[in-house]
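Chemist: Model the following, please.
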Amino acid sequence: MPTKLILVRHGQTLHNVAGKIAGWTDSPLSDVGLDQAERLGTYVAEHYVLDALYSSPLQRARRTAEIVGRLAGLERILRDDLKELNFGDLEELTEAEVSARHPGIWAASQVVDDHSFTWPGGETRSRFYARVRRAFREIVAAHPSQTVAIVSHGGVLGSYVADVVEGHPHLWRKYLLRNCSITEVRAENGRAAVGRFNDYSFLPDYAPDPLLQSLAGASDGASRG
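Modeler: Below is the predicted model:
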(Lines give C-alpha, C1' and ligand atoms only; values in the text may rest on other atoms or scores of the structure.)
Protein backbone atom coordinates (compact mmCIF):
# COMPACT_ATOMS: atom_id res chain seq x y z
CA MET A 1 0.00 0.00 0.00
CA PRO A 2 1.23 3.52 -0.73
CA THR A 3 1.97 6.15 1.86
CA LYS A 4 -0.82 8.73 2.05
CA LEU A 5 0.41 12.28 2.53
CA ILE A 6 -2.01 14.90 3.84
CA LEU A 7 -0.53 18.22 2.76
CA VAL A 8 -1.63 21.32 4.66
CA ARG A 9 -0.63 24.93 4.22
CA HIS A 10 -0.53 26.82 7.51
CA GLY A 11 -3.30 29.18 8.61
CA GLN A 12 -3.54 32.81 7.56
CA THR A 13 -0.73 35.01 8.92
CA LEU A 14 -0.34 38.71 9.58
CA HIS A 15 2.05 38.89 6.62
CA ASN A 16 -0.53 37.19 4.39
CA VAL A 17 -3.06 39.86 5.31
CA ALA A 18 -0.56 42.67 4.68
CA GLY A 19 0.59 41.18 1.38
CA LYS A 20 4.20 40.98 2.56
CA ILE A 21 6.81 38.41 1.61
CA ALA A 22 7.49 35.99 4.44
CA GLY A 23 9.90 33.22 3.58
CA TRP A 24 11.95 32.63 6.70
CA THR A 25 10.37 35.62 8.45
CA ASP A 26 8.57 34.14 11.45
CA SER A 27 5.16 35.67 10.90
CA PRO A 28 2.49 34.66 13.46
CA LEU A 29 -0.99 33.42 12.66
CA SER A 30 -3.78 35.99 12.58
CA ASP A 31 -6.96 35.43 14.57
CA VAL A 32 -8.50 34.11 11.37
CA GLY A 33 -5.55 31.78 10.93
CA LEU A 34 -5.99 30.38 14.42
CA ASP A 35 -9.67 29.73 13.75
CA GLN A 36 -8.81 28.07 10.43
CA ALA A 37 -6.33 25.80 12.22
CA GLU A 38 -8.93 24.79 14.80
CA ARG A 39 -11.44 23.92 12.08
CA LEU A 40 -8.77 22.06 10.15
CA GLY A 41 -7.74 20.10 13.23
CA THR A 42 -11.33 19.10 13.94
CA TYR A 43 -11.79 17.98 10.35
CA VAL A 44 -8.56 15.98 10.30
CA ALA A 45 -9.38 14.27 13.59
CA GLU A 46 -12.80 13.26 12.27
CA HIS A 47 -11.69 12.04 8.83
CA TYR A 48 -8.18 10.60 9.17
CA VAL A 49 -6.21 8.30 11.42
CA LEU A 50 -2.73 9.80 11.30
CA ASP A 51 0.43 7.82 11.97
CA ALA A 52 2.71 10.88 12.01
CA LEU A 53 2.57 14.66 11.83
CA TYR A 54 5.43 16.72 10.39
CA SER A 55 5.85 20.49 10.34
CA SER A 56 8.11 23.32 9.32
CA PRO A 57 9.61 24.91 12.45
CA LEU A 58 8.42 28.40 11.48
CA GLN A 59 5.72 29.42 13.92
CA ARG A 60 2.90 29.79 11.40
CA ALA A 61 3.27 26.13 10.42
CA ARG A 62 4.36 24.95 13.87
CA ARG A 63 1.32 26.49 15.57
CA THR A 64 -1.05 25.10 12.93
CA ALA A 65 0.49 21.64 13.39
CA GLU A 66 0.28 21.97 17.18
CA ILE A 67 -3.47 22.53 16.93
CA VAL A 68 -3.91 19.64 14.49
CA GLY A 69 -1.80 17.40 16.72
CA ARG A 70 -3.75 18.29 19.84
CA LEU A 71 -7.03 17.36 18.21
CA ALA A 72 -5.62 14.28 16.42
CA GLY A 73 -3.65 13.02 19.44
CA LEU A 74 -0.18 13.31 17.88
CA GLU A 75 3.07 15.11 18.65
CA ARG A 76 4.41 17.14 15.74
CA ILE A 77 7.86 16.41 14.29
CA LEU A 78 9.73 19.51 13.15
CA ARG A 79 11.95 19.47 10.05
CA ASP A 80 14.05 22.44 8.95
CA ASP A 81 13.87 21.31 5.32
CA LEU A 82 10.12 21.99 5.32
CA LYS A 83 10.75 25.74 5.74
CA GLU A 84 9.69 28.16 3.03
CA LEU A 85 12.12 29.52 0.46
CA ASN A 86 14.48 32.11 1.98
CA PHE A 87 13.90 35.45 0.24
CA GLY A 88 16.82 37.04 2.09
CA ASP A 89 17.10 40.82 2.06
CA LEU A 90 13.72 41.32 0.38
CA GLU A 91 11.58 39.67 3.02
CA GLU A 92 8.84 41.76 4.62
CA LEU A 93 8.40 43.83 1.45
CA THR A 94 5.36 43.60 -0.79
CA GLU A 95 5.74 42.43 -4.37
CA ALA A 96 4.97 45.97 -5.56
CA GLU A 97 7.76 47.33 -3.36
CA VAL A 98 10.27 44.80 -4.69
CA SER A 99 9.29 45.59 -8.27
CA ALA A 100 9.62 49.35 -7.72
CA ARG A 101 12.82 49.33 -5.66
CA HIS A 102 14.67 46.47 -7.34
CA PRO A 103 13.40 46.23 -10.94
CA GLY A 104 16.42 44.25 -12.15
CA ILE A 105 16.04 41.63 -9.46
CA TRP A 106 12.31 41.47 -10.04
CA ALA A 107 12.78 41.01 -13.79
CA ALA A 108 15.30 38.21 -13.21
CA SER A 109 12.87 36.50 -10.85
CA GLN A 110 10.31 36.24 -13.62
CA VAL A 111 12.43 33.71 -15.53
CA VAL A 112 10.73 30.88 -13.71
CA ASP A 113 12.80 28.01 -15.09
CA ASP A 114 16.10 29.63 -14.03
CA HIS A 115 16.81 27.42 -11.04
CA SER A 116 20.07 29.27 -10.38
CA PHE A 117 18.22 32.47 -9.48
CA THR A 118 18.88 33.64 -5.93
CA TRP A 119 17.08 36.31 -3.95
CA PRO A 120 19.80 38.63 -2.51
CA GLY A 121 20.95 37.20 0.80
CA GLY A 122 18.58 34.27 0.34
CA GLU A 123 18.44 30.84 -1.21
CA THR A 124 18.87 29.54 -4.75
CA ARG A 125 15.84 27.93 -6.30
CA SER A 126 17.85 24.80 -7.08
CA ARG A 127 18.81 24.33 -3.44
CA PHE A 128 15.24 24.97 -2.33
CA TYR A 129 13.74 22.46 -4.77
CA ALA A 130 16.39 19.87 -3.83
CA ARG A 131 15.71 20.12 -0.11
CA VAL A 132 11.95 19.90 -0.64
CA ARG A 133 12.36 16.77 -2.75
CA ARG A 134 14.68 15.26 -0.14
CA ALA A 135 12.30 16.05 2.72
CA PHE A 136 9.32 14.36 1.06
CA ARG A 137 11.38 11.40 -0.11
CA GLU A 138 12.68 10.79 3.41
CA ILE A 139 9.26 11.17 5.02
CA VAL A 140 7.69 8.70 2.59
CA ALA A 141 10.53 6.22 3.15
CA ALA A 142 10.09 6.45 6.92
CA HIS A 143 6.35 5.73 6.78
CA PRO A 144 5.53 2.97 4.27
CA SER A 145 1.80 2.30 3.96
CA GLN A 146 0.99 4.91 6.62
CA THR A 147 -0.95 8.19 6.67
CA VAL A 148 1.19 11.24 7.36
CA ALA A 149 0.19 14.91 7.66
CA ILE A 150 2.70 17.57 6.60
CA VAL A 151 2.11 21.20 7.58
CA SER A 152 4.25 23.59 5.59
CA HIS A 153 4.19 26.60 3.27
CA GLY A 154 2.80 27.66 -0.08
CA GLY A 155 6.11 27.44 -1.92
CA VAL A 156 7.11 24.11 -0.39
CA LEU A 157 3.80 22.39 -1.02
CA GLY A 158 3.14 24.02 -4.38
CA SER A 159 6.56 23.08 -5.74
CA TYR A 160 6.20 19.51 -4.48
CA VAL A 161 2.78 19.08 -6.08
CA ALA A 162 4.03 20.65 -9.32
CA ASP A 163 6.94 18.22 -9.28
CA VAL A 164 4.59 15.27 -8.75
CA VAL A 165 2.11 16.30 -11.44
CA GLU A 166 4.38 17.81 -14.09
CA GLY A 167 7.96 17.04 -13.09
CA HIS A 168 8.74 20.75 -12.85
CA PRO A 169 8.73 22.29 -9.36
CA HIS A 170 9.05 25.82 -10.75
CA LEU A 171 5.43 25.54 -11.92
CA TRP A 172 4.35 25.83 -8.27
CA ARG A 173 2.08 28.82 -8.91
CA LYS A 174 -0.28 26.52 -10.85
CA TYR A 175 -0.76 24.55 -7.64
CA LEU A 176 -1.29 27.26 -5.06
CA LEU A 177 -2.84 26.09 -1.82
CA ARG A 178 -5.21 28.10 0.33
CA ASN A 179 -4.51 28.52 4.00
CA CYS A 180 -5.42 25.31 5.88
CA SER A 181 -6.64 23.51 2.77
CA ILE A 182 -6.01 19.77 2.35
CA THR A 183 -4.28 18.07 -0.56
CA GLU A 184 -3.76 14.29 -0.67
CA VAL A 185 -0.81 12.57 -2.33
CA ARG A 186 -0.21 8.81 -2.51
CA ALA A 187 3.47 7.87 -2.83
CA GLU A 188 5.16 4.49 -3.28
CA ASN A 189 8.33 3.13 -4.92
CA GLY A 190 9.52 6.55 -6.03
CA ARG A 191 6.22 7.43 -7.66
CA ALA A 192 3.45 9.73 -6.45
CA ALA A 193 0.00 10.86 -7.54
CA VAL A 194 -2.23 13.68 -6.35
CA GLY A 195 -5.78 12.88 -5.26
CA ARG A 196 -7.99 15.58 -3.74
CA PHE A 197 -6.41 18.98 -4.26
CA ASN A 198 -6.73 22.23 -2.32
CA ASP A 199 -9.92 21.15 -0.55
CA TYR A 200 -11.20 23.88 1.76
CA SER A 201 -14.83 22.75 1.91
CA PHE A 202 -14.67 22.80 5.70
CA LEU A 203 -13.70 26.51 5.55
CA PRO A 204 -16.48 27.82 3.28
CA ASP A 205 -16.65 31.30 4.76
CA TYR A 206 -13.02 32.27 4.19
CA ALA A 207 -11.88 34.00 1.00
CA PRO A 208 -8.37 33.38 -0.38
CA ASP A 209 -5.70 35.54 1.23
CA PRO A 210 -4.46 38.57 -0.77
CA LEU A 211 -1.13 36.90 -1.58
CA LEU A 212 -2.76 33.90 -3.18
CA GLN A 213 -5.04 36.13 -5.24
CA SER A 214 -2.08 38.17 -6.53
CA LEU A 215 0.00 35.09 -7.28
CA ALA A 216 -2.79 33.53 -9.30
CA GLY A 217 -2.14 36.10 -12.00
CA ALA A 218 1.62 36.47 -11.61
CA SER A 219 4.37 34.82 -13.59
CA ASP A 220 6.54 34.10 -10.56
CA GLY A 221 5.75 36.17 -7.53
CA ALA A 222 7.77 36.13 -4.34
CA SER A 223 4.96 36.15 -1.83
CA ARG A 224 4.74 32.57 -0.80
CA GLY A 225 4.70 31.95 2.95
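Chemist: low pLDDT regions in the chain?
Modeler: In the predicted model of the chain, residues 206-225 satisfy pLDDT under 70.
Chemist: What are the boundaries of the helices in it?
Modeler: 14-18, 31-47, 59-72, 95-101, 103-109, 125-142, 154-166, 210-215 (DSSP state H).
Chemist: Would you mind putting those helices into TSV with distance to residue 195 and mean neighbour count alongside?
Modeler: For every residue, glycine as well, the C-beta is placed using N, CA and C. Formatted as TSV, the helices of the chain follow (distance: least, Cβ to Cβ, whole Å; neighbours: other Cβ atoms under 10 Å):
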stretch	distance to residue 195	mean neighbour count
helix 14-18	26	19
helix 31-47	13	19
helix 59-72	19	23
helix 95-101	32	15
helix 103-109	32	14
helix 125-142	15	18
helix 154-166	11	23
helix 210-215	21	20
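Chemist: Dump those to JSON lines, plus distance to residue 179.
Modeler: Below are the helices of the chain laid out as JSON lines (distance: least, Cβ to Cβ, whole Å):
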{"stretch": "helix 14-18", "distance to residue 179": "7"}
{"stretch": "helix 31-47", "distance to residue 179": "6"}
{"stretch": "helix 59-72", "distance to residue 179": "9"}
{"stretch": "helix 95-101", "distance to residue 179": "18"}
{"stretch": "helix 103-109", "distance to residue 179": "23"}
{"stretch": "helix 125-142", "distance to residue 179": "19"}
{"stretch": "helix 154-166", "distance to residue 179": "9"}
{"stretch": "helix 210-215", "distance to residue 179": "8"}
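Chemist: which one of those helices lies closest to residue 53?
Modeler: Closest to residue 53 of the helices of the chain is helix 59-72 (Cβ to Cβ; 5.1 Å).
Chemist: Isn't residue 3 up against residue 140?
Modeler: Yes: in this structure residue 3 lies within contact range of residue 140 using Cβ atoms under 8 Å: 4.8 Å.
Chemist: any shared contact partners between those two?
Modeler: In terms of Cβ atoms under 8 Å, 6 or more residues apart in numbering, residue 3 and residue 140 are both contacted by the residues 148, 187-188.
Chemist: Need the buried ones from those selected in ChimeraX.
Modeler: Applied in ChimeraX, the following selects the buried portion of the shared contacts of residue 3 and residue 140 according to 16 or more other Cβ atoms under 10 Å:
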select :148,187
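Chemist: Can you tell me which of the shared contacts of residue 3 and residue 140 is closest to residue 126?
Modeler: For the shared contacts of residue 3 and residue 140, the closest approach to residue 126 (Cβ to Cβ) belongs to residue 187, at 22.3 Å.
Chemist: can you tell me which residues contact the closest residue to residue 163 other than its chain neighbours?
Modeler: Leaving aside its sequence neighbours, residue 163 sits nearest to residue 169 (Cβ to Cβ, 6 or more residues apart in numbering; 4.3 Å). Going by Cβ under 8 Å, 6+ apart, residue 169 touches 129, 132-133, 159-160, 162-163.
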